[in-house]
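Asks: Predicted model and sequence follow; I will ask about them next.
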Amino acid sequence: MRKTPQESGVTTTQTNDHMSELNILTQSLIAFRNARDWEQFHNPKDLAVAISVEAGELLEQFLWKQPAEANREKVKEEIADILAYILLLAHHYGFDAAEILKEKIAKNELKYPVDKAKGNARKYNEFD
């Protein structure tokens, strides 16, 4: 069973700080975007496309290489780009990014119980 933040040694204050930090980062992205009048380009479709494009750029760092050969700095930059567009898309729909991720983790815990999922990569509907 998954540990709660408290069982993992993370206090509620720390958890709330991280959620607040996501909100602060989202507001920073919005301020950056708005100062450049880029909101006009940040509709849901284009944000989703940008996420896909940046994910492709992340994949490119691994193309024809062993995972350890990927350029860590470029991987970090692509992850940041993807995360930025995800936060902007979540904001557009009024989603709390931390909350929707917690909800998804909870759903996955139900779909992938440890006793059936541990050590294999099968999809939940392929469990015996």
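Replies: Looks like it came in fine.
Asks: which parts of the helix or strand hosting Asp46 are buried?
Replies: Applying DSSP states H and E as the criterion places Asp46 in helix 44-60. Neighbour counts over helix 44-60 (16 or more other Cβ atoms under 10 Å) mark Leu47, Ala50, Ile51, Glu54, Leu58 as buried. The way it works is simple: take the backbone N, C-alpha and C, and place the C-beta from them, glycine included.
Asks: Could you pull up the contacting residues of Leu58?
Replies: Counting by Cβ atoms under 8 Å, 6 or more residues apart in numbering, Leu58 touches Val75, Glu78, Ile79, Ile82.
Asks: Adding neighbour count, distance to Ile24 and pLDDT, write these out as JSON lines.
Replies: Putting the contacts of Leu58 into JSON lines (neighbours: other Cβ atoms under 10 Å; distance: Cβ to Cβ, whole Å; pLDDT from 0 to 100) gives the following:
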{"residue": "Val75", "neighbour count": "15", "distance to Ile24": "24", "pLDDT": "98"}
{"residue": "Glu78", "neighbour count": "20", "distance to Ile24": "22", "pLDDT": "98"}
{"residue": "Ile79", "neighbour count": "13", "distance to Ile24": "19", "pLDDT": "98"}
{"residue": "Ile82", "neighbour count": "18", "distance to Ile24": "19", "pLDDT": "98"}
